[in-house]
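> Quick one: sequence and predicted model below, then my questions.
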Amino acid sequence: MVYSSITDRIPEFNAKSALRDFKIKLITEGDIEFPVLPNMLDKYSKELQFLSTICTNDIITGSLALNLYGLIYRDIHDIDILIKDKNRYDHYFDKNSYSNDVATTNRLGFKEHSYTRKFKSNNIILNTLLFVFRDTIELFTKKDYYQVDYFVDTDSRYNTFEYDGRTFKIHNVLDIIEQKLLLMKNIEDVELFISSFSSQLKHKEDLFVIFKNINW
């Protein structure tokens, strides 16, 4: 998919109207399923292995969710997660800002996590050796670092998918779209700085690509 001319076409795109038309389509044609794409699961296998350890029963949302659905193809700089237990951590960083966006009411903030990938094998003997020497192996294994942005889960709708023997929860597409529209509106309601305008354009570009991919 080519994105080079997206910005030129953005002014004629009305995300609010596109969402209204999409909701009408849902009413007239019934629910539309958004499967998680196998090639996207493989692309983000490291992130999913990390989440299966750190966020075992939480909901994947934001750009990672949209990438897994195959609705956008954009590099992710952090992982957005919905959690029920907002007091899971003693403190969160950057609580009053959301990547240059206007603050969202359910945002807790981000945490930096380090993670060492676990090696496994179908061979029982090899797995036993990996377990016995796990501490030594970890010393010489490169750590991955992830920034996770945490949001309070207010009974969000979600779907589930299976990967590598694990069950994951992923945010409902319609809810993600509505959240992006809300962020755009919040930015429009305040004095715009360059950074805020950049964030607004990012959300609008995402929505343009999302609706293009679902053929609104």
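Cool, the structure landed. These numbers were taken from a predicted model, which means no experiment stands behind them. Residues are numbered from 1 along each chain as shown.

> show me the contacts for the residue nearest to residue 115 when sequence neighbours are not counted.
Spatial nearest neighbour of residue 115, excluding adjacent residues (CB to CB, 6 or more residues apart in numbering): residue 50 at 4.6 Å. (Glycine included, C-beta is placed from N, CA and C.) Residues in contact with residue 50, defined by CB atoms under 8 Å, 6 or more residues apart in numbering, are 113, 115, 144, 146.

> Looking at the residues you listed, which are in strands?
Members of the contacts of residue 50 lying in strands (criterion: DSSP state E): 113, 115, 144, 146.

> The chain: strands as residue ranges?
Counting by DSSP E, the strands of the chain are 59-61, 79-83, 107-116, 143-152, 158-163, 166-171.

> any idea which of those is most buried?
strand 59-61 (a mean of 24; mean count of other CB atoms under 10 Å).

> tell me what that one is packed against?
Helices and strands touching strand 59-61, as assessed by 3 or more CB pairs under 8 Å, 6 or more residues apart in numbering; DSSP states H and E, comprise strand 79-83, strand 166-171.

> what angle do the first one and strand 166-171 make?
So that's strand 79-83. Strand 79-83 and strand 166-171 are oriented at 90 degrees to each other (axes from the mean of the first three to the mean of the last three CA atoms, to 10 degrees).

> Give the bridge partners for the closest residue to residue 55 other than its chain neighbours, please.
Counting by CB to CB, 6+ apart, residue 81 is the residue found nearest to residue 55 once chain neighbours are left out, at 5.3 Å. Residue 81 forms beta bridges with residue 60, residue 150, as assigned by DSSP bridges.

> pLDDT wise, what is residue 81 at?
Looking at residue 81, its pLDDT is 97.

> With residue 115 instead?
Value for residue 115, per-residue pLDDT: 84.

> now do residue 179
Residue 179 is given a pLDDT of 88.

> Low-confidence ranges, the chain, go.
The chain contains residues with pLDDT under 70 at 1-11, 95-104, 117-142, 186-200, 216.

> distance of the residue lying closest to residue 108 once chain neighbours are set aside from residue 62?
In space, residue 108 comes closest to residue 150 once its chain neighbours are excluded; the distance is 4.3 Å by CB to CB, 6+ apart. Note on residue 150: its distance to residue 62, by CB to CB, to the nearest Å, is 11 Å.

> Ok, residue 47 next?
In terms of CB to CB, residue 47 sits 12 Å off from residue 62.

> ok, these two, which is more surrounded?
Applying other CB atoms under 10 Å to residue 47 and residue 62 shows that residue 62 carries more neighbours, namely 21 against 18.
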